[in-house]
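In: here is my input; please provide its structure:
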Amino acid sequence: MADVYFKFFNAGRHSLNVQIYLKMHRSDYAEKQLKIMQQIDEDHTLTQLANAWLNLAVGGSKIQEAYLIFQDFSEKYQMTGLILNGKAVCCMHMGNFDEAESLLLEALNKDAKDAETLANLIVCSLHLGKPSSRYLSQLKLSHPDHMLVKRTSAAEESFDRAVQATA
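Out: Numbers count the residues shown, from 1 in each chain. Now for the predicted structure:
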């Protein structure tokens, strides 16, 4: 029992490190943490998830690998917002915005207030040339401190100041 707990604790600690390094744009350090995780248990769910995160951050041909990891999750486990968003982000990176939108709408049906789903729907809608104001309004209401809301508000304020300065 203690061995299982230790393995889970280590996987969690290393996966958190992977996320932190990716947020710092240090995929090289994230890759080192992932290699440690793979040595402990290559098939562990957290190891696979960290692998998908790293592949998304690296981009290029690694996006397809990330997609396959999320696809594997969707076959093994009940479909969650995390899995659907992961697959959708991979689709967006590969330029398949129609499939991404479908996955994100499925995620939205599971949780209409999920911040990442709403943010991804905004981006996806813009790429498809569809209105995104509905999703932005939902995001502003349910998550006013979300980075996308703050950046959108700052851009709107800058635009308004520029308009006033030319008037």
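In: so where do the helices sit in this structure?
Out: Read by DSSP state H, the chain holds these helices, from start to end of the chain: 2-23, 27-41, 45-58, 62-76, 81-93, 97-110, 115-128, 133-142, 147-166.
In: Ser158 versus Asn85, what's the distance?
Out: When C-beta to C-beta, to the nearest Å is applied, the distance between Asn85 and Ser158 equals 29 Å. For glycine as for every other residue, the C-beta is placed from the backbone atoms N, C-alpha and C.
In: can you redo the helices of the chain as CSV with mean neighbour count?
Out: As requested, those are arranged in CSV below (neighbours: other C-beta atoms under 10 Å):
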stretch, mean neighbour count
helix 2-23, 15
helix 27-41, 16
helix 45-58, 21
helix 62-76, 17
helix 81-93, 23
helix 97-110, 19
helix 115-128, 20
helix 133-142, 16
helix 147-166, 11
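In: mind putting the ones you listed into TSV with mean pLDDT?
Out: Converted to TSV, the helices of the chain look like this (pLDDT from 0 to 100):
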stretch	mean pLDDT
helix 2-23	73
helix 27-41	93
helix 45-58	95
helix 62-76	96
helix 81-93	97
helix 97-110	98
helix 115-128	97
helix 133-142	96
helix 147-166	93
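In: quick one: Phe97 and Cys90 touch, right?
Out: No: taking contacts as C-beta atoms under 8 Å, Phe97 lies outside contact range of Cys90: 11.8 Å.
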